[in-house]
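In: how does the following fold in three dimensions:
(chains A and B)
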Protein chains: 2
Amino acid sequence: MPASPPHDPTLLAGGAAGSRALGPLVETVLAALAEGAAARCGPLPGGGPDGVARRVADRGTPVLPEQGQGAHDALRELVGVLAEGAADPADPHCAAHLHCPPLAVATAADLAASALNPSMDSWDQAPAASALEERVTAGIGALVHPDGTAPDALVTTGGTESNLLGVLLAREAHGPRVRLVCGAAAHHSVHRAAWLLGLPEPLVVPTPQGVLDPAAVDEALTRLDALECPAPDRPSPAVVVATAGTTDTGAVDPLAALADVVAAHRHRRPVTLHVDAAYGGPLLFSDRHRPRVAGIERADSVTLDLHKLGWQPVAAGLLTVPDRSALAPLGHRADYLNADDDTEAGLPDLLGRSIRTTRRPDILKIAVTLRALGRHGLGALVDAVCATAEEFADLIEAEPRLRLRARPGISTVLFRPHGATDAQVATIRRRLLHEGQAVLGRARVPDPATGRPVLWLKATLLNPHAHSSDLHGLLKLVLDQHDLPADLRPQDPPR
Amino acid sequence: MPASPPHDPTLLAGGAAGSRALGPLVETVLAALAEGAAARCGPLPGGGPDGVARRVADRGTPVLPEQGQGAHDALRELVGVLAEGAADPADPHCAAHLHCPPLAVATAADLAASALNPSMDSWDQAPAASALEERVTAGIGALVHPDGTAPDALVTTGGTESNLLGVLLAREAHGPRVRLVCGAAAHHSVHRAAWLLGLPEPLVVPTPQGVLDPAAVDEALTRLDALECPAPDRPSPAVVVATAGTTDTGAVDPLAALADVVAAHRHRRPVTLHVDAAYGGPLLFSDRHRPRVAGIERADSVTLDLHKLGWQPVAAGLLTVPDRSALAPLGHRADYLNADDDTEAGLPDLLGRSIRTTRRPDILKIAVTLRALGRHGLGALVDAVCATAEEFADLIEAEPRLRLRARPGISTVLFRPHGATDAQVATIRRRLLHEGQAVLGRARVPDPATGRPVLWLKATLLNPHAHSSDLHGLLKLVLDQHDLPADLRPQDPPR
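Out: Numbering: from 1, shown residues only, chains lettered A, B, ... in the order given. Modelled structure (predicted):
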């Protein structure tokens, strides 16, 4: 009979005894992960949503028993069912989304964040963690804005929060009339940010070439005044949102030219430039690919997501700024966390570094990764997945039954079987999911041949271990679905 | 010479080989945690912010070397410095904030979340994790709203995001004129939510007794119309925000009476009730303490934070609703994540379950904890810390040199040395921090004897392992500071 929880000496993860308590539990977790992966035996479980839900119901019931069943049993059951039912990005056939296979070193570091449980909203909950965050965010800020006055970065839950913060800073700088100007290929979170913050709908600039045209942005900014504020002495404020690596195609907007347009308009109106580089930002690690995001350093704020091309477990978002004074609007007081007399006495004021309050030290895994791999190591990973995407595109071009939409954007490749309808493309993807064979994404973007939007299969290649044989195998899975007899082919799996 | 990163077979945490790659790295982490705790030898490091920053600079430089230094070295250095420089809530003298010592079982489970890295924004990134979340959030919703039509919960980053969501739901239901009505003791995040969402400043009802007076809320709601909208046919919409467990004192507003007031006003105006139970919600686990939050089930939305009284590593926030249809305003479309044809074909639509996009499966550690401890086990932990707070209050009452402000609110105890000034109280706290002896909080709330706000030392007792000797020791540390010779006493540490 185990000790009742308050008297169980292995209850807590922290303190001098915490490591000893964690050891056997972590062993149970690692065993359950290995068994789950072996049982799954592929990139995701077969059987589709209903099949997975049944297995989770079997092993995940009851949710809240009256009496506990003990730590090891609970870990075995629930970690086991999660692992067996995972879409594992470490499998090269799991390549739908900007959903990376996390590094073992970052994952191990993240365990320490959980065990120590620092909370980043006040120094007395996170003495070393807040000092570490200060150093690392300054370093990342300097990577993006090497010529900035005082480069800095905030740690966020991901690109969506980073984009929200970028837009929020623009609202606080320019007032609630500020209008977002973004491309049609901008991430949905840009629109959601405007909605959350009570701003007007973004002005969407069409992107027939997949990227923002600086001339079109110039025109849109000029048009703004006519749109809402005819008084020539009070031109409409704006924030231009560019993208370095779109979700659908990995396209990078011409950042330097867009920075020029924004700079030119600054003589006439309050306008800032936010770059959503959630995907493309880490190209900065690579000597080979860094030039593709030239101009990013001129943005007023930049979204980065190291849980994409940085191979971090979620969450590892950042918002960088060239000068930390730009973050002042986030300043906020709560006597229990940052009273004036405490701040005057030298206790750091951390509350303005997030719109969250309690906050996990996601910086730890990032710091450990930067140190363990170095810039060259991370650059080599970036180079590897970009090369994989090039190779995948080559294979598609060499296969007469498939069409490649365009050469890869970063590590994203769009393709579709020749002659397939949109419905057939969608069904191929869903069948591969249902059968547990592959996780491919989808993107509805223009066909370069016609200019008309059509549905493409999308491979977002983020696995640095993917081999040629994996890529061949992935294409074969698609072709096998496409080549099924007509009565089996374009149908969705039974529900 | 280790393999270059793209060719390192121990690079990734996932897949069949991930467990084997993680094993040795996790051992390094556990060793660094143990060594760090031993080196710290107390609840937090001595030397204050400057001393900690120096040690982090020593071991944390460079942030981003050109060449990596390898995984084990990076983990040893950075986990080591973080552990040595932690304010460890597993030490009973670390008792300032709602900053809990996490459970070993939850911490171990969280490792699996990092290793598998499911992202909760689409089914094909999180098949089993999304199915598990659906079951567990329904179960937690039912715990809070047992008579709800279809109880549910959203997983958040904490009380701040939960409160934001509660207010956002009110804005979407009632429009952007909606006015927040909250008590003076409400959490700062309530005000921040109104600011973020572009809403009017909240109407703050004074709380001289520390809790919201239902009659005062009734009057405030009545006053609203006069304040902003004299037209009797278009009464002002409102959302009343009550608190179950304030940050400063642990006080619980009279929830049932407030629900009555809101219900009565519903005949006249659109008005909803949001309860911020970030602290007090888990009293529901305890047979003894559950009655203290009676009425919570009638709220339209409830904030819970299982990284407080639920002993989870950050983050483990929740927003519960009695009927999931209330969450419809969060619905959102992005073709690559929840296209109509995918949803019609049976792929679950997850995007409306958060204002984040990419999202870590924080539900896993919660699910494992609920199963491992059961309701009784968690209730026993709640009972233990409430009993600890009662004992601590008894000790203060028995000590003639100290004043107890009031009997504990949940597990929070406010006290101060007799005859001390506010500046002396603040300095005692800062000296204990600087010397690495104790982490106590502060609260500026009325002195019951005079009604005037004064500064109190705050102990938030969340450690189920705290013994009487720990409590005695904590009071002795305070008294030793207070009893220092006058020339040493009320000064801040040198900077």
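In: now stretch A:217-227: buried residues?
Out: For stretch A:217-227, the neighbour count (16 or more other CB atoms under 10 Å in any protein chain shown) marks A:217-218, A:220-221, A:224-225 as buried. Using the backbone N, CA and C atoms, a C-beta is placed for each residue, glycine as well.
In: as JSON lines, these with distance to chain B, pLDDT and secondary structure would be great.
Out: Listed next are the buried residues of stretch A:217-227 as JSON lines, based on distance: CB to the nearest CB, whole Å; pLDDT from 0 to 100; DSSP: H, G, I helix; E, B strand; the rest coil:
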{"residue": "A:Val217", "distance to chain B": "23", "pLDDT": "98", "secondary structure": "helix"}
{"residue": "A:Asp218", "distance to chain B": "28", "pLDDT": "97", "secondary structure": "helix"}
{"residue": "A:Ala220", "distance to chain B": "23", "pLDDT": "96", "secondary structure": "helix"}
{"residue": "A:Leu221", "distance to chain B": "23", "pLDDT": "96", "secondary structure": "helix"}
{"residue": "A:Leu224", "distance to chain B": "20", "pLDDT": "89", "secondary structure": "helix"}
{"residue": "A:Asp225", "distance to chain B": "23", "pLDDT": "79", "secondary structure": "helix"}
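In: so where's the stretch 151-300 of chain A uncertain?
Out: The stretch 151-300 of chain A contains residues with pLDDT under 70 at A:228-233.
In: helices or strands up against the helix or strand containing A:Ala113?
Out: In the assignment (DSSP states H and E), A:Ala113 maps to helix A:104-116. Contact here means 3 or more CB pairs under 8 Å, 6 or more residues apart in numbering or on different chains; DSSP states H and E; on that basis helix A:104-116 packs against helix A:15-40, helix A:363-397, helix B:15-40, helix B:71-84, helix B:104-116.
In: and if we set it to 7 Å?
Out: helix A:363-397, helix B:15-40, helix B:71-84, helix B:104-116 (3 or more CB pairs under 7 Å, 6 or more residues apart in numbering or on different chains; DSSP states H and E).
In: tell me which residues touch A:Gly352, please.
Out: With contact taken as CB atoms under 7 Å, 6 or more residues apart in numbering or on different chains, A:Gly352 is in contact with A:327, A:330-332.
In: let me fix that, I meant to ask about A:Leu78.
Out: Residues in contact with A:Leu78 (CB under 7 Å, 6+ apart) are A:60, B:364, B:367-368, B:371.
In: could you rerun that using 8 Å?
Out: By CB atoms under 8 Å, 6 or more residues apart in numbering or on different chains, the contact list for A:Leu78 reads A:59-60, B:109, B:132, B:364, B:367-368, B:371.
In: how about A:Ala220?
Out: Contacts for A:Ala220 (CB under 8 Å, 6+ apart) come out as A:181, A:203, A:205.
In: just to revisit the earlier point, closest one of the contacts of A:Gly352 to A:Leu258?
Out: If you rank the contacts of A:Gly352 by distance to A:Leu258 using CB to CB, A:Leu327 comes first, at 22.7 Å.
In: I figured that closest one hits A:Pro151, correct?
Out: No - using CB atoms under 8 Å, A:Leu327 makes no contact with A:Pro151, being 11.4 Å away.
In: more neighbours: those two, which one.
Out: Of the pair A:Leu327 and A:Pro151, A:Pro151 is the one with more neighbours under other CB atoms under 10 Å in any protein chain shown, namely 22 against 18.
In: about what we covered before: next, give me the two most distant ones among the buried residues of stretch A:217-227.
Out: Spatially, the most separated pair among the buried residues of stretch A:217-227 is A:Val217 and A:Asp225, at 14.8 Å (CB to CB).
In: which one of the contacts of A:Leu78 is nearest A:Ala278?
Out: B:Leu364 (24.2 Å).
In: need the nearest residue in space to the closest one, chain neighbours excluded.
Out: Spatially, and ignoring its direct neighbours in sequence, B:Leu364 is nearest to B:Ala113 (4.9 Å; CB to CB, 6 or more residues apart in numbering or on different chains).
In: what's the answer for A:Leu98, then?
Out: Once flanking residues are discounted, A:Leu98 sits nearest to A:Lys308: 4.4 Å by CB to CB, 6+ apart.
In: that's a strand at that neighbour, yeah?
Out: No - the assignment for A:Lys308 by DSSP: H, G, I helix; E, B strand; the rest coil gives coil, which leaves it out of any strand.
In: for B:Leu378, see how far away it is.
Out: 36 Å (CB to CB, to the nearest Å).
In: out of those two, which sits in the more crowded spot?
Out: Shown here are A:Lys308 and B:Leu378; by other CB under 10 Å, A:Lys308 has more neighbours (30 against 25).
In: state the pLDDT value of that one.
Out: Per-residue pLDDT puts A:Lys308 at 98.
In: so it makes contact with A:Ala278?
Out: Yes - contact criterion CB under 8 Å: A:Lys308 and A:Ala278 qualify, at 6.1 Å.
In: what touches both of those two?
Out: Common contact partners of A:Lys308 and A:Ala278 (CB under 8 Å, 6+ apart): A:98, A:159.
In: can I get the contacts of A:Gly352 in CSV with secondary structure?
Out: CSV is the format used below for those (three-state DSSP):
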residue, secondary structure
A:Leu327, helix
A:Leu330, helix
A:Gly331, coil
A:His332, coil
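In: tell me how many other residues surround the closest residue to A:Ser189 other than its chain neighbours.
Out: Distances taken as CB to CB, 6+ apart place A:Thr160 nearest to A:Ser189, at 3.9 Å, with adjacent residues excluded. Residues lying near A:Thr160 (other CB under 10 Å) number 28.
In: likewise for the one 4 residues further on?
Out: As a burial measure, the neighbour count of A:Leu164 was computed by other CB under 10 Å and equals 25.
In: got the contact list for it?
Out: Each residue near A:Leu164 by CB under 8 Å, 6+ apart is listed here: A:189, A:192-193, A:196-197, A:355.
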